[in-house]
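Novice: The following comprises the amino acid sequence and a computationally predicted model.
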Amino acid sequence: MQVVDHASVTTTGWEQSIQQGIVLFVGVEDSDSLTDIQWAARKIATLRIFVDHEAKQYRSVQDVQGMILSVSQFTLFADIKKGARPSFFQAGEPQHAQKMWKLLNKELEDTYHLPVCEGVFGADMKISLVNHGPMTIYFDTHDIIKS
């Protein structure tokens, strides 16, 4: 996830954009479940990664009334250990990945009342963003939930 001043995603004849908030690049594995979705949504909504008036990171996206731009991105699972071409065998099956991604977006909207703009699942998209900080955080729910 990246903290942004503004961001947009476009594909042929279509565009979504947000102002201050978070861009989520979401990768899904077949083993991801509702437990992973609920944990991730809570962490995304409440993580204090926005600066306050004293330039300290004390505010969440909820606190700043920020927005979410959510983009499904299976390429996060690129395995480049062998050869010159990445393998994506760890990425979830498309039907499962889309379902989990949609559930994450719905959880952020319904439970945490965050406005969520979505990319287009499986589409070739252009993403533009102005990262604030820069602040980029990577997390894997399997690493965190199991520890």
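Specialist: Looks like it came in fine. If you're wondering where the values come from, they're calculated on a predicted model, not measured in any experiment. Residues are numbered from 1 along each chain as shown.
Novice: And stretch 87-97, what's buried?
Specialist: For stretch 87-97, a neighbour-count test (16 or more other C-beta atoms under 10 Å) marks 91-92, 97 as buried. Placement of C-beta: from N, CA and C, glycine included.
Novice: actually stretch 127-140, not the one I wrote
Specialist: Residues 129, 132 are the ones in stretch 127-140 that count as buried (16+ other C-beta under 10 Å).
Novice: What is the distance between it and the centre of its chain?
Specialist: Centroid separation for stretch 127-140 versus its chain: 10 Å, with C-alpha atoms, centre = their mean, to the nearest Å.
Novice: now stretch 43-62
Specialist: Here stretch 43-62 is found 16 Å from its chain centre; the criterion is C-alpha atoms, centre = their mean.
Novice: for the buried residues of stretch 87-97, which one is nearest residue 141?
Specialist: Nearest to residue 141 among the buried residues of stretch 87-97 is residue 92, at 12.6 Å by C-beta to C-beta.
Novice: check contacts around that closest one.
Specialist: 27-30, 32, 74, 100 (C-beta atoms under 8 Å, 6 or more residues apart in numbering).
Novice: out of those, which one sits closest to residue 49?
Specialist: residue 27 (19.6 Å).
Novice: and residue 64, how many residues sit next to it?
Specialist: By other C-beta atoms under 10 Å, 15 other residues sit near residue 64.
Novice: so where is this structure shaky, pLDDT-wise?
Specialist: Low-confidence segments of the chain (pLDDT under 70): 145-147.
Novice: where do the strands sit along it?
Specialist: For the chain, applying DSSP state E gives strands covering 2-11, 14-18, 21-26, 50-51, 57-59, 67-72, 116-118, 126-136.
Novice: Looking at those strands, spot the one closest to residue 80.
Specialist: Among the strands of the chain, if distance is taken as C-beta to C-beta, the winner is strand 21-26, at 17.2 Å.
Novice: Please list the outside residues in contact with the closest one.
Specialist: Against strand 21-26 from outside (C-beta under 8 Å, 6+ apart): 1-4, 7, 44, 49, 61, 64, 66-73, 76, 101, 104, 127, 129.
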